[in-house]
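Student: quick check, what structure comes out for this input:
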Amino acid sequence: MKIGLPENHGLSSSLASGPLLRRNADGKIELTDVQFEALQFGVAKGKSVLAIAPTSSGKTDIGLIAASSWFDNGINEGRKVVYLTSHRALARQKFFEFQERLGPLFSLAKSEMVLATGDDVVDANGDAVPDAFSVPVVVATYEKYLNMLAGSGFRGGTDKICCIADELQLISDGTRGQQVEILMTLLREDTGQIVALSAVMEEKDGRLLASWLKASLIRTTRREVPLIYELRTPTQTLTTSTDRESAPTIVSPRETDTLSTLKELMKKPGEHEPIAVFCMSKKEVFELAEQWASEASRMGARVDDDLPHFREPTTSADELNRYLPHRFAYHTADLNEDERVAVEARLDGNELRVVFATTTLAAGLNYAFRTVIIHNWERWNGRKRAREPILPGEFHNMAGRAGRLSHVDRPGRVIFFANSATQIRMAQRYLSWWDLDKLKARIHPSTFTQLSLQLLASGVVESDEELFQFLQGTFSAQRELEINSGQPDVWREALTDSLSHLKQWNFVS
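Tutor: Coordinates of the predicted model:
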């Protein structure tokens, strides 16, 4: 942690003295290393940055600092802030955080802050917003914002926007990365300021992505609150710490299944709670929660006169009303708004001992867990008809929910399991917490036919040459050019073939 602001930090006196910045018990400004460095690189002066730092390093506050300074220097001249997120649940949480922290600073009305996810574009009153581009603050998922741009005809004016792109490693995702890359290609040229954030990105990839975004790279692997990883096997437990890059330490065997481990941790609740248990499927979440209900009932229920009133009589509502008196719950994307609020409000209030969750809860949601148990780190691949390990980036995103800044008295703890020799061999990669995924290009010639149709039909480009230039401006093109100097010729030939097919089929003229 750093005490005080760097020289030439760029914050106005009103922002520097106000509630925007965290203060310690002595009332002095306290910044994480990455926040301090972001200010040094001019994030409060409108400079674009790519900040890569472990979970719980205060990256959201870098976005808030940028947004506040952006407004401070011209909200009356039409400046706007767009916060892009990876998941609906994360968008909701950031939206409420912006309401609480950004709204009062600039006297923003509820109608001036918009949440755009799925089919909904609503303001803070819950009212539909016909023109989200006219309001000062938009919080949206990447795909939703791309769709909004397409529907608006890609109007100009992005030079007045500060775009905060959270969880930008999504640009490498196998199913969503292409749409994220298209959006960021559209935004990177003319947007006033881009503040890109990621917890899991290799340094080489970070340099390349920062160069593409025309941003300064800020990267640290140091966590303000260390994590201890435990790989539990039938014969031994292997541990590593984020304090240093080193080979695992071997300690005596411990419990090797989730429920037994929970019972072990509950013996010292002050040390290990609250606990998040992450699963790869909703089915696993529901089964574990029901099994834990039997264990929790033996511990006795808390007298709770404040159980939520659910407006819809769903199965989830019935189950949560049974679970909450025992101070545990589950969290999946299927919860309706009432149910989600009931669980998340108790997480915010530190009223839950255990939460069973799918990976949506791990996608940047800022809840303070002391311990994370990863029940299963293999996901079913329907195409291959087999289970396969999740990528290290996803694993460490889940792991990073432990050891939050609000719990600085002890390291976070991450527990996962492997039983067979094959599993143990594969799982040991996760102990090397510094060994992250390499970003993969998601735009390549094999996708040109469908992608060309999308870009032409949506109005992103209007001619064959504009289409080629747009594709050449993508991150994938830059990445390919790094390893193949003939990339432009290869891509132009492939694009010509794709357009020829589309014209032959009368999809384009």
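Student: buried residues, stretch 199-207. List them.
Tutor: For stretch 199-207, a neighbour-count test (16 or more other CB atoms under 10 Å) marks A199, V200, M201, E202, D205, G206 as buried. Using the backbone N, CA and C atoms, a C-beta is placed for each residue, glycine as well.
Student: in helices, which of the residues you listed fall?
Tutor: Secondary structure of those is defined by DSSP state H; positions in helices are D205, G206.
Student: ok, the buried residues of stretch 199-207 vs W292, which is closest?
Tutor: A199 (28.4 Å; CB to CB).
Student: just the pLDDT for the closest one.
Tutor: According to the predicted model, the pLDDT of A199 comes to 87.
Student: cool, S86 as well?
Tutor: S86 is given a pLDDT of 89.
Student: follow-up on the earlier one: in the buried residues of stretch 199-207, find the pair that's most separated.
Tutor: Greatest spatial distance in the buried residues of stretch 199-207: A199 and D205, 13.2 Å, computed using CB to CB.
Student: sort out which one of the buried residues of stretch 199-207 lies nearest S509 for me.
Tutor: Of all the buried residues of stretch 199-207, S509 sits closest to D205, with 39.2 Å by CB to CB.
Student: can you count the residues close to A333?
Tutor: Neighbour count for A333, taken as other CB atoms under 10 Å: 14.
Student: look up phi and psi at it.
Tutor: As for A333, its main-chain torsions (degrees, to the nearest 10) stand at phi -70, psi -10.
Student: what do you get for V490?
Tutor: Main-chain dihedrals, V490, degrees, to the nearest 10: phi -60, psi -40.
Student: was I right about it contacting A477?
Tutor: No. V490 is beyond contact range of A477, at 10.4 Å (criterion: CB atoms under 8 Å).
Student: now the strands for the stretch 101-250 of the chain?
Tutor: Counting by DSSP state E, counting those that start in this stretch, the stretch 101-250 of the chain has strands at residues 113-117, 120-123, 137-141, 161-165, 193-198, 216-219, 227-232, 237-241, 249-251.
Student: and of those strands, who's closest to A342?
Tutor: Taking CB to CB, strand 113-117 is the member of the strands of the stretch 101-250 of the chain nearest to A342, at 19.2 Å.
Student: tell me the angle that closest one makes with strand 137-141.
Tutor: Note on geometry: by axes from the mean of the first three to the mean of the last three CA atoms, to 10 degrees, strand 113-117 and strand 137-141 are set 10 degrees apart in direction.
Student: output the contacting helices and strands for strand 113-117.
Tutor: In terms of contacts (3 or more CB pairs under 8 Å, 6 or more residues apart in numbering; DSSP states H and E), strand 113-117 is packed against helix 88-101, strand 120-123, strand 137-141, helix 142-152.
Student: buried ones in that strand?
Tutor: Counting neighbours by 16+ other CB under 10 Å, one finds that the buried residues in strand 113-117 are M113, V114, L115, A116, T117.
Student: how about the contacts made by the closest residue to L31 other than its chain neighbours?
Tutor: In space, not counting the residues next to it along the chain, L31 is nearest to K2; the distance is 4.8 Å by CB to CB, 6 or more residues apart in numbering. By CB atoms under 8 Å, 6 or more residues apart in numbering, the contact list for K2 reads E30, L31, T32, D33, Q35, F36.
Student: make CSV out of those residues and add neighbour count, distance to E378 and pLDDT.
Tutor: Below are the contacts of K2 laid out as CSV (neighbours: other CB atoms under 10 Å; distance: CB to CB, whole Å; pLDDT from 0 to 100):
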residue, neighbour count, distance to E378, pLDDT
E30, 19, 40, 92
L31, 23, 39, 93
T32, 23, 33, 91
D33, 17, 34, 91
Q35, 27, 36, 95
F36, 21, 39, 94
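Student: tell me what S216 is bridged to.
Tutor: V49 (DSSP bridges).
Student: got the contact list for it?
Tutor: Applying CB under 8 Å, 6+ apart, the residues near S216 are F41, G42, K47, S48, V49, L50, A210.
Student: if we use 7 Å, what do you get?
Tutor: Neighbour list for S216: F41, K47, V49, A210 [criterion: CB atoms under 7 Å, 6 or more residues apart in numbering].
Student: show me where pLDDT drops low in this protein?
Tutor: Scanning the chain with the threshold set as pLDDT under 70 gives 153-157, 300-306, 362-366, 404-409.
Student: same thing but at 50, please
Tutor: Counting by pLDDT under 50, the chain shows no low-confidence range.
Student: what ranges does the stretch 251-400 of the chain have for its helices?
Tutor: Assigned helices in the stretch 251-400 of the chain, in chain order: 258-266, 269-272, 282-299, 315-323, 337-348, 392-399 (criterion: DSSP state H, counting those that start in this stretch).
Student: nearest to L20, of these?
Tutor: Shortest distance between L20 and those, using CB to CB, is found for helix 337-348: 20.2 Å.
Student: and that closest one, which residues are buried?
Tutor: Within helix 337-348, judged by 16+ other CB under 10 Å, the buried ones are D338, E339, R340, A342, V343, E344, R346, L347.
Student: which strands and helices lie in contact with that helix?
Tutor: Applying 3 or more CB pairs under 7 Å, 6 or more residues apart in numbering; DSSP states H and E, we find helix 337-348 packed against helix 315-323, strand 328-331.
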